Structure formats: structure tokens, C-alpha cells
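**Student:** mind folding the following:
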Amino acid sequence: SSLLPDLISYSAVITAMEESGRWEVALDFLRQLRGAELQPDSGACGAVLTACGRGGRWEISIDVLAGMEHAHLRPDIFCSNRAISAAEEKEQWAVAIALLRGMRVGFQPDLVTLNSVASAIEKGRAWDRALVLLTGMLSCWLVPDVISYSATTSAAEKGGKWQWALAVLDIPSFLPGIIAYNAAASACHR
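**Tutor:** I've put the predicted structure just below:
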């Protein structure tokens with residue numbers, strides 16, 4: 001008799017491929033897992049999402065996330081964050097925003113989610129979107145951190161909006177770090 005791989009063995013290989021940066025193999029094993037009529041869990045899917053993100057394949061991350069929905073496997077916050085991070089790495093701010101908007105009702109984004117979106121917006125030089133996101137964070141009871149404010153300040157700087165960069169520094173709850181100060185100073189220099 002032969003031993004057949006189970007979810008644990010597939011997940012172990014997928015995780016090993018994630019850690020070694022081999023997104024193609026991780027994705028192939030996820031497909032094999034489905035082909036063996038096994039239901040992947042969020043851990044296996046999350047590992048593939050991370051591997052694809054590290055490999056710069058944000059489009060495939062989106063497909064994996066959609067495949068989870070199709071298989072009636074609700075993506076958890078970690079899977080959603082991994083897909084958003086994949087979009088962020090390739091400066092796909094519109095994709096990151098779409099993923100944020102697509103999060104299920106009752107499934108609240110966390111600070112990691114919003115900071116990844118803010119970073120994608122900053123990298124994409126969409127300063128006006130960064131300000132909207134920061135305002136939204138403040139209005140939905142999430143306390144922005146230095147990453148949130150720094151990404152917003154940097155986005156304003158890259159957009160040549162020195163007034164907005166300084167306005168972010170003036171928010172009472174914000175204790176700016178060196179990145180935010182440098183971005184504001186650079187915006188004023190332009």
C-alpha cells in the first residue's frame with residue numbers, strides 16, 4: 001500500500017517553498033492539493049500568497065485570494081494582508097485599495113492592512129488617496145502609527161504638496177519620526 005499526501009504534508013511543502021522564495025512550486029502544490037480533492041486551509045493559501053508577493057507576482061496573489069472565495073474558504077485577515085502587501089510591493093495602489101474595499105462585511109481591516117495600503121499609495125505617488133486613508137483611519141477608531149503618518153507625509157512630499165506634508169506633522173495625536181520629518185522637509189524644499 002502507498003501513502004497518499006494529506007493536507008499537512010502539502011502545507012509543509014508549500015510553506016517550505018514560501019520560505020525559499022519558490023512561488024511557482026508553492027502555487028503548483030496548492031493546485032495539486034485541490035486536485036487531490038483536499039480542501040486547502042488559510043495557512044496553505046497564506047503561504048502561497050506570501051510566496052507570490054515576494055516573487056513580485058501580485059496578480060497571482062489576487063487569483064489565489066479569489067480562488068479561496070470560490071472554494072468557500074473565507075480569507076482571514078492574514079491572507080488579505082498578504083495579498084495587499086503583494087500589491088504594495090509592486091506599487092499597485094489602486095489594487096491595494098480595491099482589496100481593502102473588497103474585504104467582507106464584518107471583517108475589519110487592522111493597522112497592518114491600512115499601513116500596507118498607505119505604503120502602496122505612497123509608492124504610487126497618490127498623495128490625495130493617502131490623506132483620505134489617514135482620515136478614514138482616524139474616523140474608524142484605528143490609531144495610526146508612525147508608519148501610517150510617515151507614508152502619508154511621504155506621499156504628500158512625492159506629490160509636491162508641502163502644505164499637506166506639514167499638516168500631517170501638525171496632527172495632535174502624531175509623534176513624527178525621522179522619516180516623516182525628512183519627507184516634510186523634502187516637500188518644502190521642492
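
**Student:** report the buried residues of stretch 50-67.
**Tutor:** Neighbour counts over stretch 50-67 (16 or more other C-beta atoms under 10 Å) mark 50-55, 57-58, 60-65, 67 as buried. The way it works is simple: take the backbone N, C-alpha and C, and place the C-beta from them, glycine included.

**Student:** same question for stretch 19-33.
**Tutor:** In stretch 19-33, the ones that count as buried by 16+ other C-beta under 10 Å are 22, 23, 25, 26, 27, 29, 30, 33.

**Student:** what's the closest of these to residue 96?
**Tutor:** Set against residue 96, the nearest of those by C-beta to C-beta is residue 23 (18.9 Å).

**Student:** mind listing what's buried along the helix or strand of the chain with the lowest mean pLDDT?
**Tutor:** Here the helix or strand of the chain ranked lowest by mean pLDDT, DSSP states H and E is helix 178-189, holding a mean of 77. Using 16+ other C-beta under 10 Å as the test for burial, helix 178-189 gives 180, 183, 184, 187.

**Student:** mind putting those residues into a markdown table with distance to residue 3?
**Tutor:** Listed next are the buried residues of helix 178-189 as a markdown table, based on distance: C-beta to C-beta, whole Å:
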| residue | distance to residue 3 |
| --- | --- |
| 180 | 56 |
| 183 | 56 |
| 184 | 61 |
| 187 | 61 |
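
**Student:** among those, which pair sits farthest apart?
**Tutor:** Comparing every pair within the buried residues of helix 178-189 by C-beta to C-beta identifies 180 and 187 as the most remote, at 10.6 Å.

**Student:** what do the two both touch?
**Tutor:** Contact criterion C-beta atoms under 8 Å, 6 or more residues apart in numbering; residues shared by residue 180 and residue 187: residue 153.

**Student:** circling back: now, the buried residues of stretch 50-67 that are in helices?
**Tutor:** Mapping those onto helices (DSSP state H) picks out 50-54, 58, 60-65, 67.

**Student:** farthest-separated two in those residues?
**Tutor:** 54 and 67, at 18.8 Å, using C-beta to C-beta across those.

**Student:** mind putting the ones in helices among the buried residues of stretch 50-67 into JSON lines with pLDDT and distance to residue 132?
**Tutor:** Output for these, formatted as JSON lines (pLDDT from 0 to 100; distance: C-beta to C-beta, whole Å):
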{"residue": "50", "pLDDT": "93", "distance to residue 132": "28"}
{"residue": "51", "pLDDT": "94", "distance to residue 132": "31"}
{"residue": "52", "pLDDT": "93", "distance to residue 132": "28"}
{"residue": "53", "pLDDT": "91", "distance to residue 132": "24"}
{"residue": "54", "pLDDT": "90", "distance to residue 132": "29"}
{"residue": "58", "pLDDT": "92", "distance to residue 132": "22"}
{"residue": "60", "pLDDT": "94", "distance to residue 132": "28"}
{"residue": "61", "pLDDT": "93", "distance to residue 132": "24"}
{"residue": "62", "pLDDT": "92", "distance to residue 132": "22"}
{"residue": "63", "pLDDT": "93", "distance to residue 132": "28"}
{"residue": "64", "pLDDT": "93", "distance to residue 132": "28"}
{"residue": "65", "pLDDT": "90", "distance to residue 132": "23"}
{"residue": "67", "pLDDT": "90", "distance to residue 132": "30"}
